[in-house]
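**Student:** When you get a sec, could you give me coordinates for this:
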Amino acid sequence: TLTSSFTTTNKALVHLDGADYVTFKHIVTDIPSTFGYGFWLTNEADYNTIDSCEIYQSMSSTSAFNIGILFSGASGYTSYANSGNYNTISNTKIQGGYYGCRMNGTSTTNNTLGNSFLNCHISQFRYTGIYTRNAGNLTLNENLIHASLTNGLTSGYGIYSYYATGENSIQCNTIYDIGARGIICGYYNRYGPGGSIIANNMIGSTFQTTGFAYGLYVFGGLNMKIYNNSVSIGSNSGYAYYHSGSMSYTDSLYVVNNIFATSPQFGNGQAMFFSSGIVAALDVMDYNNFYTAGGNMVNFNGNSYSTIQQLQAASFFFNQSSISANPGFVGTNDLHMICSAIDNLGTPLPEITQDIDKETRNPTTPDIGADEFTSIQITYDIGLDTSACENLLLYADTDDYVGFVWGGGQQTPQILIDSTNTYSVTVTDSNNCSATDSLVVTIFDAPTAPFNNDTISQCSYDTVDALNVGSTYIWSTSDTTQTMVPPNSGTFTVDI
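**Tutor:** Residues are numbered from 1 along each chain as shown. A predicted model of the protein is given here:
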């Protein structure tokens, strides 16, 4: 374990100043102070590897000088330079800091090139998990990024990446519990040729902001493919997918096989905002699932639409095979699916042969979203037909199920029945799997009390009639008929 105190001139535990082809493996760095960098790459530090390391930064610092891995100029995190190229950070845990990682290239037209963050676990940062600016041929794949920091900024990001040129990949990342934006990409390939793919990411659905949340936020983009992402903003206001910009730096956009969703219980947000200023940049937008419980599903080309049919009618060539259905995510931050109505509704894409878990995609009917799954079927048995007098409190199974919807719309585990009818209930388990069953409940009228007075005077041979023809009777004399001759004076009872 490497640890140290820092000054303005001694900023990092490991400083790669122009160093090339150095590998760090199974190194632990620990910076208890509120200032300092775990690893610092400057002056064209190229072809280095940081693999299977653990980097611990302060989790109480509010200083932006507290960074796990920094690429920058010689003066620190605010300086931009050709800091390092073709470096790989893989299988590494980064905990705490203002930034988990920050990468500064020289300028919008002079990027650092070929750097990769692969399968890293970045957590409990104050502001941003991975921050890149002026970085080209960038690979950000298979990372787990979440904040969960009590003093974290509610305006923070999972991945912030601006001014990338060349071929860029942001794939198979899992991002949740961050400030306000899951992934933000801006001006990709505005200042240099190339293309980008943003695919198989799971983003959401808890955000720390009390304002607008953005799952996937894109500004501009040339030759950009947005494929098979699962994005949810939960109960927050905002947009699961937000895309704006100008036609001067936006073109050749492909948005296919994505889930853009909000919470199924709360309708505060919208599935998509797509600016009217860049609709002409779309080549393909289709086979997406736009879902919200609110009144406005999407805002597309300057107009809001509450149903998929309205969107399809207004968006001409786009979204004709898109749908709007509750995706049925397994959990708030686990956007896998086990039971879902959207199984096998995607379209094959040559770039996407596997899902986020490296499971093979169906070659003809792949799933929408980051998870390739086979929806399972469950059954439910509410019990045999039954009967009761006057009313019956009928219960569904609360041991194995968490959601209940009765035929009349009541969403409780039990229902009070007071009339003869067929009653059905749809139950949902913790995996969002649902099943429905029904039974006939017959409700009988309660017997009429046969005696108007407590005291009856009659002759010894007179009968007492319990009325309620067709019922069964048990008298206190042990008689079981409708009528009974009292053997003597006294108090007699009958159960009907």
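**Student:** can you give me the strands in the stretch 201-350 of the chain?
**Tutor:** Using DSSP state E, counting those that start in this stretch, the strands of the stretch 201-350 of the chain run over residues 202-203, 212-219, 221-227, 230-232, 237-244, 250-256, 259-261, 270-274, 282-286, 289-291, 298-300, 303-305.
**Student:** would CSV of those with mean pLDDT, mean neighbour count and distance to Ser438 be doable?
**Tutor:** All C-beta atoms are positioned from the backbone trio N, CA, C, and that covers glycine. Shown next, in CSV, are the strands of the stretch 201-350 of the chain (pLDDT from 0 to 100; neighbours: other CB atoms under 10 Å; distance: least, CB to CB, whole Å):
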stretch, mean pLDDT, mean neighbour count, distance to Ser438
strand 202-203, 98, 28, 37
strand 212-219, 96, 25, 39
strand 221-227, 98, 22, 42
strand 230-232, 97, 30, 33
strand 237-244, 96, 24, 36
strand 250-256, 97, 22, 40
strand 259-261, 97, 32, 30
strand 270-274, 97, 25, 34
strand 282-286, 97, 18, 38
strand 289-291, 97, 25, 28
strand 298-300, 96, 23, 36
strand 303-305, 95, 17, 36
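**Student:** Which of the ones you listed sits closest to Tyr160?
**Tutor:** Smallest distance to Tyr160 across the strands of the stretch 201-350 of the chain (CB to CB): 9.5 Å, for strand 212-219.
**Student:** Using PDB, list the CA coordinates for that closest one.
**Tutor:** Extracted C-alpha coordinates of strand 212-219, given in PDB (Å, rounded to 0.1, in the frame of the first residue of the first chain):
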ATOM      1  CA  PHE A 212     -34.100  17.300 -13.600                       C
ATOM      2  CA  ALA A 213     -32.300  13.900 -14.100                       C
ATOM      3  CA  TYR A 214     -30.900  12.800 -17.500                       C
ATOM      4  CA  GLY A 215     -30.100   9.200 -18.100                       C
ATOM      5  CA  LEU A 216     -28.300   9.500 -21.400                       C
ATOM      6  CA  TYR A 217     -27.600  13.100 -22.500                       C
ATOM      7  CA  VAL A 218     -26.100  13.700 -25.900                       C
ATOM      8  CA  PHE A 219     -25.200  17.000 -27.500                       C
END
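**Student:** Could you check the angle that strand makes with strand 270-274?
**Tutor:** Our comparison of strand 212-219 with strand 270-274, counting by axes from the mean of the first three to the mean of the last three CA atoms, to 10 degrees, yields an angle of 30 degrees.
**Student:** Relative to strand 212-219, what are the paired strands and their orientations?
**Tutor:** Using DSSP bridges, strand 212-219 pairs in its sheet with strand 181-186 (parallel), strand 237-244 (parallel).
**Student:** Longest strand of the chain, counting residues only.
**Tutor:** Counting by DSSP state E, the longest strand found in the chain is strand 434-444.
**Student:** and that one, which strands flank it?
**Tutor:** strand 386-389 (parallel), strand 421-428 (antiparallel).
**Student:** Show me how far that strand is from its chain's centre.
**Tutor:** Relative to the centre of its chain, strand 434-444 is centred 34 Å away, using CA atoms, centre = their mean, to the nearest Å.
**Student:** which stretch among the strands of the stretch 201-350 of the chain comes nearest Ser476?
**Tutor:** Closest approach to Ser476 among those (CB to CB): strand 289-291, 65.0 Å.
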